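>>> Would you be able to build a 3D model of this:
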Amino acid sequence: MLSRRQLLQRGGALAAGFALPVAPGFGAGHPRKLIDIGPGGVIDPGSPQDYRAYSNRTYFADTQTGWIRMWADWPSLQPSRAHRIDDPASPGYAKLQALDAQIGQACADGLRVLLLPYRHPTWANGTSELVPDSDAEIAFEPADRMSSAAWEKYVANGRDPAVSNPSRRALEYRVPAEGYPLDGSWSRFFEFLYRRYHWGQRASGRWVHGFELVNEPNLQLWPQRAPSTTGDPFALSAPAIGRTVAGLMKTAQAVSARFGHTTRLYAPSSSDSELGSRLVTTYRDFTRDLLDAFPAVGYAPHSQQAWSLHNYGDVEQRVTTRTQRVRDLLRWRWTGYAEPGAPTVFVTEGGARIGRMRKLYPLEDPLLAQARSLQTAWSLHSTDTGGGAGVGMLAQYLLYADPNYDCGLLEPAPATVERPAYAVWKTFPRSV
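Numbering: from 1, shown residues only. So this is what the prediction gives:
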């Protein structure tokens, strides 16, 4: 943990080493400014990712951040099939009240909320009988959850979880066997969120300006691919995740229609991973696969469906390469929401991880490198042409750094030490 003196010294080095960015004027290329506060506000109310906790409200105001991304974690909100989400007897009811309160407070503070339905309870995807960290759980569909090397090591150690517990995809990311049909389990969950928080509910004091339908499906959801057609279950096979997400988007649009399309939808929120495998689909392959799947499932995006992307790689490498490659793939094929300079892409999650700063810029102080990466990202993305063309939003993942994903603007809670990146983010102008 760095002391306040050390951070101030680094802040001085920031000012001396490079100038803070000049705030660009508002225009067609001026992106909205969003901080993703993280899933902990619902999973663990009162945690540093709870908008009401610590000094989070002050930080949003101080940094002129107009948008907040919140997570509606389905396993937390409805852990039991036996209860409606809003049943006071439900074991998740307190989590729903926490989400209500955070959305209401954000609205009262003048923020625009982007709400993300997240994960699946195990009762909804057929894995509730599996005991976590048991052999039965570890051995459940291993080819779609872990690398072949991890599985072979586990088997070589006698399939004993006490000896070897391989890294694997969590059960909550498994796509339900039914997929995402209209009036299926996920559809009912999404409709609950839409009914409760859509734009037409402003009189309640809690509403959102957008729903982001899924989080990094090309990285988190499984299975990514069809079953192997060879004797090796870990072998690559045809991609399947594009059609899965196309079905989800079609269902979400049908739910939205029931309420007059009052609130914008965002998807597919893909990870910008360039390393493909049986477990991960690269962002370019996923984008092509998803676009190809639209006509196959009978889906045509309406004008309230926006395209979203996560761009850690661009921010960390100080480019806009991935963002603009996605726009190239969308050109002439995407018929959803568009702003001047279309196709329009909303970056709804991103940032510069300190570990990556050490690897990419070994001659730079890692905290100053993070600040410089954010400065460059805003400068590149907030132009009407070139690397910023068609960018409707730029996002920062987390206020407080998560030790497991270290890209926050502040040191890990409970510290209140602002990193140099905080001062840089603060200079970017607020927009709505």
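>>> Below-threshold pLDDT in the chain: ranges please.
Of all residues in the chain, those with pLDDT under 70 make up the ranges 1-29.
>>> my guess is Gly392 meets His30, correct?
No. No contact is recorded between Gly392 and His30 when judged using Cβ atoms under 8 Å, the distance being 9.4 Å. Glycine gets a C-beta too; all of them are placed from N, C-alpha and C.
>>> any residues touching stretch 250-266, and which ones?
Counting by Cβ atoms under 8 Å, 6 or more residues apart in numbering, stretch 250-266 makes contact with 114, 180-182, 184, 186-187, 190-191, 194-195, 197-200, 208-213, 249, 267, 297-299, 301-302, 304-308, 337, 346, 348, all of which sit outside it.
>>> After the strand or helix carrying Pro117, which helix or strand is next?
Here Pro117 sits within strand 112-118, counting by DSSP states H and E. Where DSSP H and E defines the elements, the next helix or strand beyond strand 112-118 is helix 122-125.
>>> and that next one, how far out from the chain's middle?
Relative to the mean C-alpha coordinate of its chain, helix 122-125 is positioned 21 Å out (Cα atoms, centre = their mean, to the nearest Å).
>>> ditto for stretch 372-385
For stretch 372-385, the gap between its own C-alpha mean and the chain's C-alpha mean amounts to 20 Å (Cα atoms, centre = their mean).
>>> Near Pro181, how many residues? Count them for me, please.
Pro181 has 15 neighbouring residues, counting by other Cβ atoms under 10 Å.
>>> I'd assumed Val297 was in contact with it.
No. Checked against Cβ under 8 Å, the pair Pro181 and Val297 is beyond contact range at 10.6 Å.
>>> which residues do these two both contact?
Overlap between the contact sets of Pro181 and Val297, as judged by Cβ under 8 Å, 6+ apart, is given by Gly247.
>>> and the nearest residue to Ala352 once chain neighbours are set aside, how many neighbours?
Nearest residue to Ala352 in three dimensions, chain neighbours excluded: Ser373, at 3.9 Å (Cβ to Cβ, 6 or more residues apart in numbering). Ser373 has 27 neighbours, counted by other Cβ under 10 Å.
>>> give me every residue that touches Ser373.
Taking Cβ under 8 Å, 6+ apart as the definition of contact, the neighbours of Ser373 are 315-316, 318, 352, 357.
>>> and if you look at Pro166?
Pro166 touches 138, 146, 150-151, 153-154, counting by Cβ under 8 Å, 6+ apart.
>>> Among these, which one sits closest to Tyr397?
Out of the contacts of Pro166, the one with the shortest distance to Tyr397 is Met146. That distance is 25.2 Å, counting by Cβ to Cβ.
>>> my read: the closest one touches Asn165, true?
No. Using Cβ under 8 Å, Met146 makes no contact with Asn165, being 10.7 Å away.
>>> Show me which of these two is the more surrounded one.
Between Met146 and Asn165, counting by other Cβ under 10 Å, Met146 is the more crowded of the two (21 against 13).
>>> Spatially nearest residue to that one, not counting backbone neighbours?
Closest residue to Met146 in three dimensions, ignoring its sequence neighbours and counting by Cβ to Cβ, 6+ apart: Arg168, at 4.1 Å.
>>> Give me the neighbour count for the closest residue to Ala53 other than its chain neighbours.
Counting by Cβ to Cβ, 6+ apart, Ala53 lies nearest to Gly46, which is 5.7 Å off, once chain neighbours are set aside. Around Gly46 sit 12 other residues, with neighbours defined as other Cβ under 10 Å.
>>> now Gly46: how far from Tyr405?
Note on Gly46: its distance to Tyr405, by Cβ to Cβ, to the nearest Å, is 20 Å.
>>> And for Gly350?
Going from Gly350 to Tyr405 by Cβ to Cβ gives 12 Å.
>>> Common neighbours of those two, please.
Among the neighbours of Gly350, those also in contact with Tyr405 (Cβ under 8 Å, 6+ apart) are Tyr397.
>>> of the two, who's got more company?
Gly350 (26 against 15).
>>> list the contacts for the more buried one?
When contacts are counted by Cβ under 8 Å, 6+ apart, Gly350 is found next to 310-312, 314-315, 377, 394-397.
>>> And for it, nearest residue in space, chain neighbours not counted?
When the adjacent residues along the chain are set aside, Gly350 lies closest to Asn311, with 4.5 Å between them (Cβ to Cβ, 6+ apart).
>>> I'd assumed Val347 was in contact with the one you found.
Yes. With contact taken as Cβ under 8 Å, Asn311 and Val347 are classed as touching, separated by 5.0 Å.
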